[in-house]
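[1] dropping the sequence and predicted coords here.
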Amino acid sequence: MTESFPILLLVMAAAAFLCRVAGFTLMRMIPVSARLEAALRATPLAVMAGIAALAVQAGGLAEAIALGAVVGLTLVLRSDVAAALLGVVIVAALRWLGL
Amino acid sequence: MSHAPFTFAGFRRGARDGVPLALSIFAYGLGFGLVAAQAGFGVTKAVATSAAIYSGSAQLAAVNLLQTGEATLLALFAAILVINARYLLFGAALQPWLWAAGPVRSYGSLLLLGDANWLLTMRRISEGEEDRAYLAGTGTPIALGWLSGTALGAAAVSILPRPEALGLDLMLACFAAAMMAAMTRRRADLVPVVVGAGAALIIARVIGPAAAVIGAGLAGGAVAAAMHRRAE
């Protein structure tokens, strides 16, 4: 690698920027049908479920218990922020206990 | 052209919602700063990298690649494209809502787009958020946390506790699970949840974790589109 750091930085920034704007720009050219809207509406739920599932796969029992508790706590407390923060406390405690 | 609302009140609402996530991003900034310092980046270079790429996973991959000493500019570019491919999906999902704010505000807001504030914003949109400044609002504390964490991590490496000990590595997953539970209101909403989780697990095994998140989103969206056609 002989390039100077500013050039490296520019290339990396360009790649990251391209990812941020390309999907957005592409969508501007596509008419949004009701079917496409349904797909876009379902996307965040699928991504959220995917992130949670990957965390359980990469972690283990402590992560599974904590994320299960988060789902339950969200429904009980009716606050997703409070439930998420409690989930962090729960996983820290479970790990401290050696789980 | 009349624009959708883009007000300071909406920005502030977003910023307030972004603060809890900014705390965990700060801890992850510390982690990246530490890795970058070990790879021979000083504070300035580490912070410049965090500002230019603004994506933890892509930055870690880039630093790893640079450390091998055999990275080409093309390899670096390609690695970031692949790891950040999920942002294509994030941007596409935001477009119908965000574009109503006009081009300058839309593209400006996209500079602050990340995993955490995309999730936050999509949740609020589903609840009827109209103020397009909300996205930039959520991104601002998160970006500040990421940059200040990077600086501190690169400057003072060895005295910091590992984020895992405090459970902070699970913060994004906890928020994802909580928002998922809050957004699942009808039985039909369970379909993308199950499809997304299943697709992520399979793709992570077969291809790798970088593809798993975008795969989950695409699979969930595809199934929803297919079911929509059947309902017509």
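    Done, it's in. Residues are numbered from 1 along each chain as shown, chains lettered A, B, ... in the order given.

[2] which residue packs closest to the residue of chain A at minimum distance from chain B, ignoring adjacent ones?
    Using C-beta to the nearest C-beta, the closest approach of chain A to chain B is made by A:Ala46 at 2.2 Å. Where you see a C-beta, it was placed from the backbone N, CA and C, and this is true even at glycine. In this structure, A:Ala46 finds its nearest non-sequential neighbour in B:Gly220, 2.2 Å apart by C-beta to C-beta, 6 or more residues apart in numbering or on different chains.

[3] report how many residues lie close to that neighbour.
    Applying the criterion other C-beta atoms under 10 Å in any protein chain shown, we find 31 residues in the vicinity of B:Gly220.

[4] that one and B:Glu127, how far apart?
    As for B:Gly220, its distance to B:Glu127 is 19 Å (criterion: C-beta to C-beta, to the nearest Å).

[5] so who does the residue of chain A closest to chain B touch?
    B:Pro192, B:Val193, B:Val195, B:Gly196, B:Ala199, B:Ala216, B:Gly217, B:Ala219, B:Gly220, B:Gly221 (C-beta atoms under 8 Å, 6 or more residues apart in numbering or on different chains).

[6] secondary structure element for it?
    helix A:34-58 (DSSP states H and E).

[7] next, the buried residues of that helix.
    A:35-36, A:38-57 (16 or more other C-beta atoms under 10 Å in any protein chain shown).

[8] buried stuff in stretch A:74-82?
    A:Thr74, A:Asp80, A:Val81, A:Ala82.

[9] now do the domain split for chain B, please.
    Chain B breaks down by automatic domain parsing into domains covering B:8-183, B:186-232.

[10] of these, flag the one that's most buried.
    domain B:8-183 (a mean of 20; mean count of other C-beta atoms under 10 Å in any protein chain shown).

[11] was I right about B:Phe6 contacting B:Val104?
    No. Judged on C-beta atoms under 8 Å, B:Phe6 makes no contact with B:Val104 at a distance of 10.0 Å.

[12] check what pLDDT the residue nearest to A:Ala46 gets.
    Here the pLDDT value assigned to B:Gly220 is 94.

[13] same thing with B:Val194?
    97.

[14] which one is A:Ala64 nearest to, not counting chain neighbours?
    Leaving aside its chain neighbours, A:Ala64 sits nearest to A:Val56 (4.8 Å; criterion: C-beta to C-beta, 6+ apart).

[15] residue contacts, the one you found?
    Counted by C-beta under 8 Å, 6+ apart, A:Val56 has contacts A:Glu63, A:Ala64, A:Leu67.

[16] what's the distance between the spatially most central residue of chain A and B:Leu111?
    Most central in chain A under C-alpha atoms, centre = their mean is A:Ile51, positioned 5.2 Å from the mean C-alpha point. Going from A:Ile51 to B:Leu111 by C-beta to C-beta gives 22 Å.

[17] what helices and strands are in contact with the host helix or strand of B:Ala27?
    Secondary structure from DSSP H and E places B:Ala27 in helix B:8-38. Judged by 3 or more C-beta pairs under 8 Å, 6 or more residues apart in numbering or on different chains; DSSP states H and E, the packing partners of helix B:8-38 are helix A:80-96, helix B:43-53, helix B:56-68, helix B:115-126, helix B:133-155, helix B:171-183.

[18] mind splitting chain A into its structural domains?
    If you go by automatic domain parsing, chain A breaks into A:1-30, A:43-99.

[19] just the CA coordinates for stretch B:123-140, please, in PDB.
    C-alpha atoms of stretch B:123-140 as PDB (Å, rounded to 0.1, in the frame of the first residue of the first chain):
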ATOM      1  CA  ARG B 123     -40.500   3.000  14.000                       C
ATOM      2  CA  ARG B 124     -41.600   6.600  14.400                       C
ATOM      3  CA  ILE B 125     -42.700   6.800  10.700                       C
ATOM      4  CA  SER B 126     -45.000   3.800  11.300                       C
ATOM      5  CA  GLU B 127     -46.500   5.800  14.200                       C
ATOM      6  CA  GLY B 128     -47.100   8.800  12.000                       C
ATOM      7  CA  GLU B 129     -44.000  11.000  12.400                       C
ATOM      8  CA  GLU B 130     -44.300  13.800   9.900                       C
ATOM      9  CA  ASP B 131     -41.300  15.900  10.700                       C
ATOM     10  CA  ARG B 132     -38.500  14.900   8.400                       C
ATOM     11  CA  ALA B 133     -35.900  16.600  10.700                       C
ATOM     12  CA  TYR B 134     -36.400  13.600  13.100                       C
ATOM     13  CA  LEU B 135     -33.900  11.500  11.200                       C
ATOM     14  CA  ALA B 136     -31.100  14.100  11.400                       C
ATOM     15  CA  GLY B 137     -32.100  14.600  15.100                       C
ATOM     16  CA  THR B 138     -31.600  10.900  15.900                       C
ATOM     17  CA  GLY B 139     -28.300  10.800  14.000                       C
ATOM     18  CA  THR B 140     -26.700  13.800  15.700                       C
END
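
[20] show me how far it is from its chain's centre.
    14 Å (C-alpha atoms, centre = their mean, to the nearest Å).

[21] cool, stretch B:55-68 as well?
    The answer for stretch B:55-68 is 16 Å, by C-alpha atoms, centre = their mean.
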